[in-house]
Each structure stands twice: as C-alpha cells, then as structure tokens.
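S.K.: Return a 3D structure for these sequence lines:
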Amino acid sequence: MYQTFAVPQKWKLFLRQTFKEVEKLGANSLPITLIISLFIGAVMTMQIQMDIENPMLPRYTTGLVTRDTLLLEFCSTILCLILAGKVGSNIASEIGTMRISEQIDAMDIMGVNSANYIILPKIAGFVLFIPFLVVWSMFSGLIGGFFVSLATDLITPSTYIYGIQYWFVEWYVYYSIIKSIFFAFVIASVSSYYGYYAYGGALDVGKASTNAVVNSSIIILMLNVILTKLLLS
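M.R.: Predicted coordinates for the structure are as follows:
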C-alpha cells in the first residue's frame, strides 16, 4: 500500500491509465449489472407479493419492501460480491500474468514504481465508477419490479409506483453508495495484492484469481456488518 499510494511520477500517464481502468472495470460492468438487477428486482417483487397475503397489510407494501431491500443491501453488498467475481478475477489474473511473464520485474529494474503504475489506476478507476454502478443497479432493479406489475396481475403498476415512493428515506441511497466505495476499494486492492505476488506459472495465476475473489468476498461481508452498525445506528 505504501508503494501503491506514492505520488505518481507522471500525472498525465496516471490519468490516462485511470480513465482506461474506468472503462475496463467500470463501464464494461454496466451490462451485467443491468441484467442481474432487472431479474432480481422482478423476482423480489413477485416473491414479496405472493408471500404477503395478510389483508391487514397495505397494498403498497410490496413496492416499499422491494425498494428498501434493493437500496439497503442488494445494490451495494450483493452487487459488489458479484463484481468481486468479475472485476476481482480480472485484476488478479491481469497483474498475475504480468508477474509471471516478468514484466513487473522489468519495471522494477528500470526504476519504475510498478505497484504505483499498475495498481493505483485500477483502485482509483473502480472506486470512482462504483457509485454509478450502484445507482444504475437501483434504477434497474426498480424497473424490473415495474415490468412484473405490467406483465402480470400480481400487482397493479399504480400500486407498485406508490409503494416505491412511499416513505422514501434519502439517506438509504447515500448509505448504499458509501458502502460500495469501501467495497470497491477492497475488491481492487485485495485482487491487486494476490496478482502482484503470484509466482510460478499459469496455474498459480488461476489460484491467485480464486484467492482474490474468496478473500475479497469475506472482507466485504465483514465490512458490511461494521459499516451498517456505523451508518444506520
């Protein structure tokens, strides 16, 4: 971390690399985020509506519960666990390949801070773009629930829309974004660590990718408990 967060030797090169990582790690994750969020929002709406048969509960409960579940947990924690598999393995395998092909060693010999040059743009790019992925996931999940109200007779569109608007707590959006920033840092840094210290052959790159995904997921779950206690208590 000390080497990674050193002052970049060439800011212009650092900014160029960061924008490349924003596109590769962040923008390229938009399609999978859309697909997952749409289906999760649709399934949650169907399950909640079918499970809530109590006439004492108001009709808008389905939209309200779907919205709060998406905002509080899915669009931050669950989404980042999924991205740990996609982004984390990508980072670990890319850096691990550079290590075993001796590209990193060549940089060190030339006097280049390899950790700063390779890892810092990845961390900065992913952390900068993760709020957009979270907001995109929130929107997609709610749209998925709305499609259920249009395509089925489980709930009317007007009731669903009223439910997602009822008693809206703005802090939940900021809470989800704050958590995702921490999770993005964990994904990028842990994956970079395992890739940077991958030694051996191609098999070891695969092991590094697996270790990166598993350990970053565990840290995300532990950090989720701490952040929830700090931000919602």
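S.K.: helix or strand for the spatially most central residue of the chain, which one?
M.R.: Per C-alpha atoms, centre = their mean, the C-alpha nearest to the average position across the chain is that of Cys80, at 3.0 Å. Using DSSP states H and E, Cys80 sits in helix 79-83.
S.K.: roughly how far is that helix from the heart of the chain?
M.R.: A distance of 4 Å separates the centroid of the chain from that of helix 79-83, by C-alpha atoms, centre = their mean, to the nearest Å.
S.K.: do stretch 198-216 as well
M.R.: For stretch 198-216, the distance to the chain centre is 20 Å (C-alpha atoms, centre = their mean).
S.K.: buried ones in that stretch?
M.R.: Ala198, Val205, Ala208, Ser209, Asn211, Ala212, Val213, Asn215, Ser216 (16 or more other C-beta atoms under 10 Å). Yep, even glycine has a C-beta here, placed from its N, CA and C like the rest.
S.K.: where exactly do the helices run in the chain?
M.R.: 11-21, 30-51, 61-69, 79-83, 89-100, 103-109, 114-151, 157-165, 171-196, 202-232 (DSSP state H).
S.K.: Now stretch 70-88: buried residues?
M.R.: Under 16+ other C-beta under 10 Å, the buried positions of stretch 70-88 are 70-72, 74-88.
S.K.: ok, residues contacting that stretch?
M.R.: If you take C-beta atoms under 8 Å, 6 or more residues apart in numbering as the criterion, stretch 70-88 is touched by 25, 29, 32-33, 36-37, 40-41, 44, 126, 130, 133-134, 137-138, 141-142, 172-173, 175-177, 179-180, 183-184, 187-188, 190-191, 209, 212-213, 216-217, 220-221, 224.
S.K.: What distance do you get for Ile40 to Phe126?
M.R.: 22 Å (C-beta to C-beta, to the nearest Å).
S.K.: In terms of neighbours, single out the busier of those two.
M.R.: Using other C-beta atoms under 10 Å as the criterion, Ile40 and Phe126 rank with Phe126 on top: 29 against 23.
S.K.: Surely Tyr162 touches Arg67?
M.R.: No: when contacts are counted by C-beta atoms under 8 Å, Tyr162 is not listed as touching Arg67 (11.1 Å).
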